[in-house]
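Trainee: all I have is the shape, not the residue letters:
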């Protein structure tokens, strides 16, 4: 507790938390955009589904930490490898959820939209995305959890200068258990805060408002 308070008041904890959060946010946003696009194309084009689905199914069980040495060899030490690891780790489960959700959109909605001349991007924005939003939100949650694991693991191994991961790694090197625990204790509450502030707010204004879920 004393070490945690010292790290907090001196600003050391804030600097490292900020370094981790911007890597997490940037990687997750990129992964979300990729997974939405790929999931939509998989749901709409059978050839893309046949190509991507087996690939995702093969890569998904591989732990993200196993890719770090390869990414370091390809992209070097530092932020680039960590960001690519976050994007890669979060994209796979999110893509699977996006595809599942967009395939579950009722065909009558699609036919009704087509009869009114709604196609392309408008079809995605007005019909497919709202209809698959419960799956999309679940995918975002899973992707964020994967991104958290990836960013901390990447920071520990890819030799970043700042971040919660490198705090944990350095505290292990110098046998500073108190610093290690202080960094670990930040990760859980931060994840919970992001969950409540971000996802709960979006759900309240979309899924629950549209009557697509039950509070019972």
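Mentor: On my side now, so go ahead. Values in this document were obtained by computation on a predicted structure and should not be read as measured data.

Trainee: contacting residues around residue 71?
Mentor: Contacts for residue 71 (Cβ atoms under 8 Å, 6 or more residues apart in numbering) come out as 81, 84-85, 88, 158. Any C-beta I mention is one placed from the backbone N, CA and C, and that applies to glycine too.

Trainee: next one: stretch 4-11 to chain centre, how far?
Mentor: Mean C-alpha position of stretch 4-11 versus that of the full chain (Cα atoms, centre = their mean, to the nearest Å) differs by 28 Å.

Trainee: circling back to that earlier point, strands - which of the contacts of residue 71 land there?
Mentor: Among those, no member falls in strands (DSSP state E).

Trainee: can you lay out the residues you listed as TSV showing neighbour count, distance to residue 62 and pLDDT?
Mentor: Formatted as TSV, the contacts of residue 71 follow (neighbours: other Cβ atoms under 10 Å; distance: Cβ to Cβ, whole Å; pLDDT from 0 to 100):
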residue	neighbour count	distance to residue 62	pLDDT
81	25	17	87
84	20	15	90
85	29	12	91
88	18	10	91
158	25	18	77
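
Trainee: what's the most distant pair in those?
Mentor: Across the contacts of residue 71, the longest distance by Cβ to Cβ is 13.2 Å; it joins 88 and 158.

Trainee: so which bits of the strand or helix carrying residue 50 are buried?
Mentor: Assigned by DSSP states H and E, residue 50 belongs to helix 46-59. By neighbour count on 16 or more other Cβ atoms under 10 Å, the buried set for helix 46-59 is 49, 52, 56.

Trainee: what's whatever helix or strand residue 123 lives in packed up against?
Mentor: For residue 123, the host element (DSSP H and E) is helix 120-123. Helices and strands touching helix 120-123, by 3 or more Cβ pairs under 8 Å, 6 or more residues apart in numbering; DSSP states H and E, are helix 107-115.

Trainee: now do the helix it packs on: everything it contacts.
Mentor: So helix 107-115 is contacted by 123, 126-128, 131 (Cβ under 8 Å, 6+ apart).

Trainee: sort out for me which of these are in helices.
Mentor: 123, 131 (DSSP state H).

Trainee: among the contacts of helix 107-115, who's most crowded?
Mentor: Taking other Cβ atoms under 10 Å as the neighbour criterion, residue 128 ranks highest of those with 24 neighbours.
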